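> whatever this is, show me its structure:
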Amino acid sequence: MRVFLAALSFASLIALTTTVVGSEEIAVITTDTKQKTVLYRHSHALVIGIDNYTGGWPVLRQARADAMAIAAELDRHGFSVKVVTDSDMVLDKAAIKNLIDDFIYGPGTKPDSRLLIWFAGHGHTIDGEGYIVPQNAPHPEAGPIEHRPLVEAQFRRHSLSLRDFGGYMRETRAKHVLAIFDSCFGGTVFDVTRSATGYDITTAAATGQVRQFVSSGDAEQEVSDDGLFRKLFIDAIDGSDAEADTNKDGLLTATELGRYLTFKVTSYKGSTQTPRYGRMRERALDRGEFVFKLSTGQAVAKAPPKSESFRAPTATASASDPLFARRGSGTSLYFITDRQRDKDPRIVGFTGDRGQKLTVGKTIVRSPTFWDRILSGAASRSSSDTPVFDGLAIVEPEDLLTALPSELDRSLQYPKQVLVYLHGYNVSFDDAFLRGAQLTLRVGFDGPTFVYSWPSTGSIVRYLEDFERANAAGSLFARFIDWLVRRTEVEAVNVIAQGMGGKILLSAVDAWKRADDLTKQKIGHLIFIAPDVDRDVFASSLADRQGVGRSATLYVANNDRALAASKALLGQARAGDLEDGHPLIIKNVETVDISSVGSDFFATGSASPLSNSLALSDVSLVLRGRAKTAGRLPVFERVDTASGSYWRWKGLGSQSR
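Prediction:
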């Protein structure tokens with residue numbers, strides 16, 4: 001299909017061929033042997049950019065600006081750079097092949113070198129084969145449909161397939177090669193990387209050969225022509241965004257780069273643009289790891305803005321503490337976490353690392369009064385935007401058991417019920433606690449609320465680590481809930497799980513199926529918001545809940561960015577997403593498509609106040625026992641399919657892929 005991307009031009013900056021000799025030696029201390037190992041003695045880069053296409057392809061807009069920025073950055077990294085754009089010559093197939101020939105059979109003959117190839121122009125995919133599109137290649141979908149076979153044949157003839165490109169990767173004797181395509185296509189040359197490895201520089205990574213690839217988008221996508229991919233690439237390799245260097249060793253591997261670009265681009269673009277990265281499908285050429293050396297001491301994290309801090313001095317509370325005796329001024333908000341405690345004993349804080357035990361804490365949360373907002377300078381905010389926390393203390397489990405009965409009795413709308421919130425990936429402890437507070441206020445839950453904060457790394461690019469931690473968190477969460485229902489008078493535990501938190505809740509549901517009736521009967525409403533769970537696994541688990549939960553509701557959205565990144569990385573359809581325009585439909589599970597609202601509707605600043613209010617009103621109605629969507633709110637319309645029926649939020653209009 002047609003794709004857009006940011007092409008490259010270099011003529012206005014330097015001459016066609018630069019004379020910088022990339023001969024700076026780069027050495028590292030390997031993590032396994034702790035010995036100094038020379039990575040490279042030579043670094044060379046070939047940059048090809050095409051702006052003005054013929055043959056029915058759209059003209060690109062931001063070629064030259066991107067080219068200057070990329071070239072300058074590679075030059076700073078010690079690369080000898082050769083750059084050619086369509087302003088220098090006609091870049092047809094023959095010209096591109098000649099450029100690659102000269103590069104592979106020239107600088108590419110040095111075994112102690114690294115090569116970087118950057119191509120920016122159009123890409124295309126036919127029958128699973130990716131193609132680099134030269135300047136004059138005809139568009140295979142142009143002209144009358146009866147002429148398509150002939151036009152497609154001409155396209156293949158005048159384009160460079162990734163299979164052909166793979167031949168060059170086998171020919172070069174360079175140790176490490178990284179090819180970056182600022183274009184969208186599928187291809188058979190490389191395997192998409194889906195492991196959590198590739199951070200550390202072992203002896204094998206330093207000495208083994210490797211051919212690695214990154215593309216700015218997948219097949220059948222349109223890459224934005226706004227310079228985002230170029231900007232993120234530079235942020236990563238110049239060390240200005242600390243998120244890219246996952247293990248903080250001052251070295252950026254191609255795997256770290258690919259993971260960073262995948263999650264950063266999808267955090268901006270959602271499912272419309274999902275970069276791919278991986279290695280060549282040959283054992284002898286997938287052992288090493290391409291490396292950039294970062295500028296030390298200059299990296300600054302550029303993660304999305306986090307919540308304001310509400311940490312308070314640590315105080316071990318007891319049942320006699322005034323904090324437990326407050327009535328009428330707010331709602332009890334507990335946190336349960338197996339995160340590691342902050343090293344500063346003066347604060348109640350937790351890191352992204354796993355701790356040795358569960359820690360319990362408590363505060364009182366309330367909506368801000370007029371004077372609260374005046375004093376905080378937030379007089380114009382809505383009353384639910386900035387929760388007020390009255391105290392925060394670590395408590396002993398036995399104190400929780402002592403305080404909970406009276407709190408369960410005080411609830412007017414949800415007597416003897418609790419609400420539990422499970423957050424998704426890339427959430428710090430502070431963010432989790434703030435989201436839990438916002439949630440309990442916005443849905444009007446007046447009983448005790450528990451924020452179960454599993455040890456997410458709080459990093460947008462460490463998805464796979466969060467994925468593994470969420471897998472491990474399910475059994476511990478299930479045991480905590482079992483302990484709660486057996487040791488207290490609670491009659492219903494309602495759970496809201498967002499994103500990757502859905503994986504934890506689903507694991508707990510499977511565990512509760514094997515529990516006795518006491519636990520099953522006390523599980524209340526199960527609410528999954530855009531669950532980041534394999535679609536088939538989710539359906540299999542919830543198809544027969546075996547009496548677990550009073551109801552199950554599945555909110556799905558086609559614009560959830562975390563799900564887009566997850567699908568791109570894992571290659572599996574997600575339960576919280578739509579496939580072919582429709583959501584997952586499961587018997588005895590209410591499925592609601594909230595694409596027009598967005599799946600992050602109780603996160604700070606995520607949607608309009610109207611959509612926030614309506615969406616949270618619907619969640620509130622589910623918690624109050626109106627589990628059937630029919631007649632719940634007038635914004636829903638029923639959609640009937642061959643697989644069954646689901647409900648779609650008409651709300652504020654649809655947002656298609």
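> strands of the stretch 1-150 of the chain, start to end?
Taking DSSP state E, counting those that start in this stretch as the test, the strands found in the stretch 1-150 of the chain are 26-29, 36-40, 42-49, 80-85, 113-120, 123-126, 129-132.
> should've said the stretch 551-657 of the chain
551-556, 590-593, 636-641, 644-649.
> distance of the most centrally placed residue in the chain from residue 278?
Centrality entry for the chain: nearest residue to the mean C-alpha point is residue 562, 4.0 Å, by C-alpha atoms, centre = their mean. Applying C-beta to C-beta, to the nearest Å, the value for residue 562 to residue 278 is 21 Å. Every residue, glycine included, has its C-beta placed from N, CA and C.
> again with residue 266
Distance from residue 266 to residue 278, by C-beta to C-beta: 16 Å.
> tell me which of those two has more neighbours.
Set residue 266 next to residue 278 and count neighbours by other C-beta atoms under 10 Å: residue 266 wins out with 26 against 21.
> just put the strands of the stretch 551-657 of the chain in a markdown table and tack on distance to residue 524 and mean pLDDT.
What follows is the strands of the stretch 551-657 of the chain, written out as a markdown table (distance: least, C-beta to C-beta, whole Å; pLDDT from 0 to 100):
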| stretch | distance to residue 524 | mean pLDDT |
| --- | --- | --- |
| strand 551-556 | 8 | 95 |
| strand 590-593 | 14 | 94 |
| strand 636-641 | 22 | 91 |
| strand 644-649 | 21 | 91 |
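> and stretch 394-406, average pLDDT?
Averaged across stretch 394-406, pLDDT comes to 88.
> buried residues in that stretch?
Applying a neighbour-count criterion of 16 or more other C-beta atoms under 10 Å, one finds 394, 395, 399, 400, 403, 404 buried in stretch 394-406.
> measure the second one to residue 478 for me?
As judged by C-beta to C-beta, residue 395 and residue 478 stand 22 Å apart.
> excluding sequence neighbours, find me the nearest residue to residue 138.
Excluding its sequence neighbours, the residue lying closest to residue 138 (C-beta to C-beta, 6 or more residues apart in numbering) is residue 55, at 4.2 Å.
> so that neighbour sits right up against residue 139, yeah?
Yes: the criterion here is C-beta atoms under 8 Å, and residue 55 meets it with residue 139 at 5.6 Å.
> including secondary structure and distance to residue 151, could the buried residues of stretch 394-406 go into JSON lines?
Formatted as JSON lines, those follow (DSSP: H, G, I helix; E, B strand; the rest coil; distance: C-beta to C-beta, whole Å):
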{"residue": "394", "secondary structure": "strand", "distance to residue 151": "70"}
{"residue": "395", "secondary structure": "strand", "distance to residue 151": "71"}
{"residue": "399", "secondary structure": "helix", "distance to residue 151": "75"}
{"residue": "400", "secondary structure": "helix", "distance to residue 151": "70"}
{"residue": "403", "secondary structure": "helix", "distance to residue 151": "74"}
{"residue": "404", "secondary structure": "helix", "distance to residue 151": "71"}
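> could you single out the nearest of those to residue 351?
residue 394 (15.2 Å; C-beta to C-beta).
> I'd assumed residue 358 was in contact with that closest one.
No: taking contacts as C-beta under 8 Å, residue 394 lies outside contact range of residue 358: 11.5 Å.
> what about the host helix or strand of residue 215, average pLDDT?
Using DSSP states H and E, residue 215 sits within strand 210-217. For strand 210-217, the mean per-residue pLDDT is 91.
> how about stretch 468-484?
pLDDT averaged over stretch 468-484 gives 94.
> buried ones in it?
469, 470, 473, 474, 476, 477, 478, 480, 481, 482, 484.
> does the fifth one touch residue 355 like I think?
No: in this structure residue 476 lies outside contact range of residue 355 using C-beta under 8 Å: 11.3 Å.
> list residues touching both of those two?
Residues within reach of residue 476 and of residue 355 at once, by C-beta atoms under 8 Å, 6 or more residues apart in numbering, are residue 338.
> quick one: distance of the host helix or strand of residue 486 to the chain centre.
Applying DSSP H and E as the criterion places residue 486 in helix 463-487. Centre-to-centre, helix 463-487 and its host chain are 21 Å apart (C-alpha atoms, centre = their mean, to the nearest Å).
> which is the next helix or strand following that helix?
Following helix 463-487 toward the C-terminus (DSSP H and E): strand 492-498.
> which parts of that next one are buried?
492, 493, 494, 495, 496, 497, 498.
> next SSE downstream of it?
Following strand 492-498 in sequence, per DSSP H and E, is helix 501-513.
> flag the shaky bits of the protein, pLDDT-wise.
The chain contains residues with pLDDT under 70 at 1-23, 63-64, 185-198, 219-225, 270-271, 296-330, 345-347, 367-391, 598-613, 651-657.
> how's it carved up into domains?
Domain segmentation of the chain under automatic domain parsing yields 26-293, 316-649.
> how near is the residue nearest to the centre of the chain to residue 424?
On the measure of C-beta to C-beta, residue 562 and residue 424 end up 6 Å apart.
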